[in-house]
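Colleague: just coords:
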């Protein structure tokens, strides 16, 4: 089965319990203002494997992570995934309440996902590298006893 056969299928994602709880509340609050984006975020949260915060890999995109990704349009970008109040596209901080922000959450380096932009066009992005947020707990296998 070639790469084209995987188009449209969503990759497995993992989200910390804290992010899952906060993002569920955020999607609930946003549902009246922007139902489409809230529904997209709900769909990602519903399919995610939820783990304790200390059990998430350092290479998994979570809130506050800095992510370098490439797209099917040849673009290579580095952004930080943030809550809406911190978003500033010019500074490279993208909101979880955007189609691309919701697509990134829970992915790990090497994974690709298809997503639909606000203009309705489909795109594919691949996570190249993830740097955890400065306040993120150390990975469980990082030697803590």
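Modeller: Arrived safely, thanks for sending. Note that the coordinates shown come from a computational prediction; the quantities given were computed from them, not determined experimentally.

Colleague: now do the same contact list for residue 134.
Modeller: residue 64 (CB atoms under 8 Å, 6 or more residues apart in numbering). For glycine as for every other residue, the C-beta is placed from the backbone atoms N, C-alpha and C.

Colleague: which parts of this protein are strands?
Modeller: 14-16, 49-51, 66-71, 76-82, 93-95, 112-116, 122-131 (DSSP state E).

Colleague: give the contact list for the residue nearest the centre of the chain.
Modeller: For the chain, the residue lying nearest the average C-alpha position, counting by CA atoms, centre = their mean, turns out to be residue 105 (1.5 Å). When contacts are counted by CB under 8 Å, 6+ apart, residue 105 touches 13, 15, 19, 23, 41, 44, 48, 61, 62, 63, 81, 96.

Colleague: circling back to that earlier point, go through the strands of the chain and name the closest to residue 32.
Modeller: strand 93-95 (17.0 Å; CB to CB).

Colleague: can you list contacts of that closest one?
Modeller: 79, 80, 81, 82, 83, 84, 86, 87, 100, 101, 104.

Colleague: can you give me the buried ones in that strand?
Modeller: 93, 94, 95 (16 or more other CB atoms under 10 Å).

Colleague: can I get these in JSON lines including pLDDT and distance to residue 129?
Modeller: JSON lines is the format used below for the buried residues of strand 93-95 (pLDDT from 0 to 100; distance: CB to CB, whole Å):
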{"residue": "93", "pLDDT": "97", "distance to residue 129": "17"}
{"residue": "94", "pLDDT": "96", "distance to residue 129": "16"}
{"residue": "95", "pLDDT": "96", "distance to residue 129": "21"}
